[in-house]
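Participant: Could you look at this predicted model? Sequence included:
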Amino acid sequence: MNAGTRSADAGVGPTRIRHLPDLSTHLWFWLPVANVVMQLADPAVGYGVVESRVDRGRGDLRPIKRGRTTAQYLAVATLGNQADRQFFHEAVREIHAQVYSTESSPVSYNANSATSQTWVALCLVRYYIDQWEMVHGPLSEAELDRVVELARPLGTTLNVPEARWPANWDDYQRRFAEGVDGVRIDDTVREYLQSLADFKVLEIRMKQLGTLAHKTLGPWSLSMTKFAVPQRIREEMRWTITPQDLRRRRVIVNLAAALDMVLSRPLRVVYTLNLWDLRARRRLGVGVF
């Protein structure tokens, strides 16, 4: 995003952004992998995921379950009440306590690290901004300040203290840029992220159905992922943007814009359903994680 191209007249207006899902578009399906790539480009986060011993939460081993719990976390952080957030905060903290580096790990990491979780939350902010701006154009500075304010629970629902959250958009940009400067992706993490980006990872658990998704949707997912990560991360992933990538992006963005005219803010529906599911599971004593 280029701050020099921003206009005070662009976007939806800060007073109309009541929740982050107000910025959702029909690109919501195509950008989560890019956000995961951003998060795992930090070596501590990357190896925390690749070496995780909590099999029930691994995206490569339990893709459907991981997709559900991630959607529920985002629903809780953006639309949930304090009870929902406290439940997730405690549960995630307990799970993350099992994810830490060993003597054989290439890097030191602890999944409950406030530093690592701050980076994850900063990346998640881009999920909402990027999908809106790809379809509707730049948000104004006032709108972006509002987004940063609303995004605070993305961090505090995890293990990020209130005081560590950016005060405004300028502060956010500085912090995010510092994080991008520190990314490093080695062969082990690169292979894992490549399999996420092109859906090959789905073959592990979903077999033939996963192979079908890898061959049909995978190339489109990979193309959109390339566009939705910073240039530094594309370089670390050794990705280049091809003419076919450009064509795929044009098709997907145009389709998203058309669908937005029929049903706007689709994540409101997705997140509301996930909140209902979470609360029903808790009342019935059915496991969430």
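Facilitator: All right, it came through fine. Residues are numbered from 1 along each chain as shown.
Participant: Now do the same contact list for residue 153.
Facilitator: By CB atoms under 8 Å, 6 or more residues apart in numbering, residue 153 lies in contact with 77-78, 85. Bear in mind the C-beta positions are built from the backbone N, C-alpha and C, glycine included.
Participant: Take the residues you listed and keep only those in helices.
Facilitator: Judged by DSSP state H, the contacts of residue 153 include 77-78, 85 as members of helices.
Participant: so which of those is the most crowded?
Facilitator: Counting neighbours by other CB atoms under 10 Å, residue 77 comes out on top of the ones in helices among the contacts of residue 153 with 25 neighbours.
Participant: Show me which positions of the helix or strand containing residue 116 end up buried.
Facilitator: Taking DSSP states H and E as the definition, residue 116 sits inside helix 114-136. Neighbour counts using 16 or more other CB atoms under 10 Å place 116-136 of helix 114-136 among the buried residues.
Participant: Using CSV, write down the CA coordinates of that helix.
Facilitator: What follows is helix 114-136 as a C-alpha-only set of coordinates in CSV (Å, rounded to 0.1, in the frame of the first residue of the first chain):
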residue,chain,number,x,y,z
ALA,A,114,4.4,-11.7,23.6
THR,A,115,6.8,-10.7,20.9
SER,A,116,5.9,-13.6,18.6
GLN,A,117,2.2,-13.1,19.3
THR,A,118,2.4,-9.4,18.6
TRP,A,119,3.8,-10.2,15.2
VAL,A,120,1.0,-12.6,14.5
ALA,A,121,-1.6,-10.1,15.5
LEU,A,122,0.1,-7.3,13.4
CYS,A,123,-0.1,-9.6,10.4
LEU,A,124,-3.7,-10.4,11.0
VAL,A,125,-4.5,-6.7,10.7
ARG,A,126,-3.4,-6.9,7.1
TYR,A,127,-6.0,-9.6,6.3
TYR,A,128,-8.8,-7.1,6.7
ILE,A,129,-7.0,-4.1,5.2
ASP,A,130,-5.6,-5.9,2.2
GLN,A,131,-8.9,-7.6,1.1
TRP,A,132,-10.7,-4.3,1.3
GLU,A,133,-8.1,-2.3,-0.6
MET,A,134,-7.6,-4.9,-3.3
VAL,A,135,-11.3,-4.5,-4.2
HIS,A,136,-12.3,-1.0,-3.2
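Participant: How are the helices of the chain distributed by residue range?
Facilitator: 32-40, 43-50, 63-79, 82-96, 114-136, 141-150, 152-156, 169-181, 187-197, 203-216, 218-227, 231-237, 243-262, 266-284.
Participant: For residue 237, give me its contacts.
Facilitator: By CB under 8 Å, 6+ apart, residue 237 lies in contact with 37, 185, 190, 193-194, 229.
Participant: Might you list the low-confidence residue ranges for the stretch 51-200 of the chain?
Facilitator: For the stretch 51-200 of the chain, residues meeting the criterion pLDDT under 70 lie at 57.
Participant: how close does residue 265 get to residue 240?
Facilitator: Taking CB to CB, to the nearest Å as the measure, residue 265 falls 34 Å from residue 240.
Participant: more neighbours, the two?
Facilitator: Taking other CB under 10 Å, residue 265 and residue 240 do not tie; residue 265 has more neighbours (17 against 9).
Participant: pretty sure the more buried one is touching residue 22, no?
Facilitator: Yes - assessed by CB atoms under 8 Å, residue 265 is found in contact with residue 22 at 5.8 Å.
Participant: shared neighbours of the two, anything?
Facilitator: By CB under 8 Å, 6+ apart, no residue touches both residue 265 and residue 22.
Participant: gap between stretch 129-138 and the chain center?
Facilitator: How far stretch 129-138 lies from its chain's middle: 15 Å, per CA atoms, centre = their mean, to the nearest Å.
Participant: Could you do stretch 268-287 as well?
Facilitator: Stretch 268-287 sits 20 Å away from the centroid of its parent chain (CA atoms, centre = their mean).
Participant: Just the buried residues of it, please?
Facilitator: Judged by neighbour count using 16+ other CB under 10 Å, the buried positions of stretch 268-287 are 268, 270-271, 274-275, 277-279.
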